[in-house]
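Visitor: output the structure for:
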Amino acid sequence: MRTLLLLLPLLVTACAATTRPPAPSLPDAFHTGRDPRFPPDRYLVGVGEGPSLEAARRQATASIAAQLQASLRSTDLFFATSNGSGGGEELLQQDIRVESRFDRPEWIRLVDARIQGGRVHVLSVLDRVQAAALLEAEQEMRRTALRLRLEAAAEAADLRGRSDVLDEAGRIARTLLPAEATLAALRGSPGLPPPELQLVAHARQGLERERRAVAVRVCVEPAVATGLASDLASRFGAILAGAGVQVAACEADAAGWTLRGRLVAEVSATLPQPGAFDRYCTVRLDFRLDGPRGLLHGGSAGGRPNRTGGHDFHDACQTSAAAVARQLAVEVGLRDPPGR
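Guide: Sure thing, here's the model as predicted:
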């Protein structure tokens, strides 16, 4: 009897443990992503779960980013087809397909968290209005920087300086595009290309017109009166034309630029090897470029970095001279560097 009495409390405790009420279920917002506290016209809501608060928070952030990214994709298409009239502007607009993405997780706020079944569940929100205001302030800083670059380009003393400054302006314009797409997605309104793109396109077109108007009189002499250097010097005008520069004969009576220089061609040979060149040439041009108001540029183009190989010295020197012409055209601003 005593044993039975001792067991009764234990049985009561065990029964109480088995009849403990279940844990409260999660609010519907954690399942649906809809919460009356955060209307969808003002907020993007994301839910997430994970073994830790940080893991659940990352999942909720990814959910919001995915919602915004879907809007960005539709805005991308609008930007890419809204204006196809200007070549330079169209190139800038195409970049948005690659660059548009939401990468501002610090704008997303954690508003609720629950634990159920050993898992953490969170609810996060992005305030569209607040995020748009922050992004608009950043955009205004970019627009100011872009306008300053365009003013500097207009005041540049030569084509090379104008080309370099417009390249900087183009890079700034490319940062405007994805941010403008994000702004449109946040506001839920159609996205329009920033008007500054048209300014950059017009400036680039003006630069190209100036380049086409320049005719360079080529007065290049060889360092040695005979041999490969003499041949290359006599044909350097044609080689420079192959680099996209409008040229004229040295004797031409034309107002424009005059290129004077001394061309050096150094050759070397190695032991023949299967599949490899054994003839090499290095061309260097020490030059001076004058415009209507005097000296524009001076220096050396080519040299050891332009050492090229060929099956014979003529081919090797021709390839090296072509590289010198391309470098010279970039140095004086008559063409853009590769990849620009």
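Visitor: what ranges do the strands span in the chain?
Guide: Read by DSSP state E, the chain holds these strands, from start to end of the chain: 43-50, 108-116, 119-127, 216-222, 247-249, 257-269, 279-291, 294-302, 308-310.
Visitor: out of the ones you listed, which comes closest to residue 200?
Guide: Distances from residue 200 to each of the strands of the chain were compared by C-beta to C-beta, and the smallest falls on strand 294-302, at 24.9 Å. The way it works is simple: take the backbone N, C-alpha and C, and place the C-beta from them, glycine included.
Visitor: hmm, back to that, for the strands of the chain, which one sits closest to residue 330?
Guide: Scanning these with C-beta to C-beta as the criterion, the closest one proves to be strand 294-302, at 9.1 Å.
Visitor: now do the buried residues in that closest one.
Guide: By neighbour count on 16 or more other C-beta atoms under 10 Å, the buried set for strand 294-302 is 296, 297, 300, 301, 302.
Visitor: can you verify my assumption that the first one contacts residue 158?
Guide: Yes. Under the criterion of C-beta atoms under 8 Å, residue 296 makes contact with residue 158 at 5.9 Å.
Visitor: what touches both of the two?
Guide: Listed as contacting both residue 296 and residue 158 by C-beta atoms under 8 Å, 6 or more residues apart in numbering are residue 332.
Visitor: tell me who's in contact with residue 52.
Guide: Contacts were defined as C-beta under 8 Å, 6+ apart; by that measure residue 52 touches residue 120.
Visitor: can you check residue 156 too?
Guide: By C-beta under 8 Å, 6+ apart, the residues touching residue 156 are 162, 165.
Visitor: and what of residue 29?
Guide: By C-beta under 8 Å, 6+ apart, the contact list for residue 29 reads 35, 45, 47, 112, 123.
Visitor: which among the residues you listed gets closest to residue 163?
Guide: Distance to residue 163 across these (C-beta to C-beta) is lowest for residue 45, with 48.1 Å.
Visitor: what about that closest one, how many residues nearby?
Guide: Look at residue 45: counted by other C-beta atoms under 10 Å, it has 22 neighbours.
Visitor: distance of the closest residue to it other than its chain neighbours from residue 112?
Guide: With sequence-adjacent residues excluded and distances taken as C-beta to C-beta, 6 or more residues apart in numbering, residue 45 is closest to residue 33, at 4.9 Å. Separation of residue 33 from residue 112 (C-beta to C-beta, to the nearest Å): 12 Å.
Visitor: which stretches of the stretch 201-340 of the chain have low pLDDT?
Guide: Low-confidence segments of the stretch 201-340 of the chain, defined by pLDDT under 70, are located at 252-255, 340.
Visitor: redo that, cut-off 80
Guide: When residues are selected by pLDDT under 80, those of the stretch 201-340 of the chain lie in 251-256, 271-273, 275, 303-304, 306, 339-340.
Visitor: specify the beta-bridge partners of residue 46.
Guide: residue 124 (DSSP bridges).
Visitor: between the strands of the chain, which one is nearest to residue 326?
Guide: strand 294-302 (9.1 Å).
Visitor: enumerate every residue touching the residue lying closest to residue 43 once chain neighbours are set aside.
Guide: The shortest distance from residue 43 to any residue that is not its chain neighbour, by C-beta to C-beta, 6+ apart, is 4.7 Å, and that residue is residue 125. Contacts for residue 125 (C-beta under 8 Å, 6+ apart) come out as 38, 43, 44, 45, 46, 64, 108, 109, 111.
Visitor: again with residue 65
Guide: By C-beta under 8 Å, 6+ apart, the contact list for residue 65 reads 102, 105.
Visitor: how near is it to residue 285?
Guide: With the distance defined as C-beta to C-beta, residue 65 ends up 53 Å from residue 285.
Visitor: and if you look at residue 194?
Guide: From residue 194 to residue 285 the distance is 42 Å (C-beta to C-beta).
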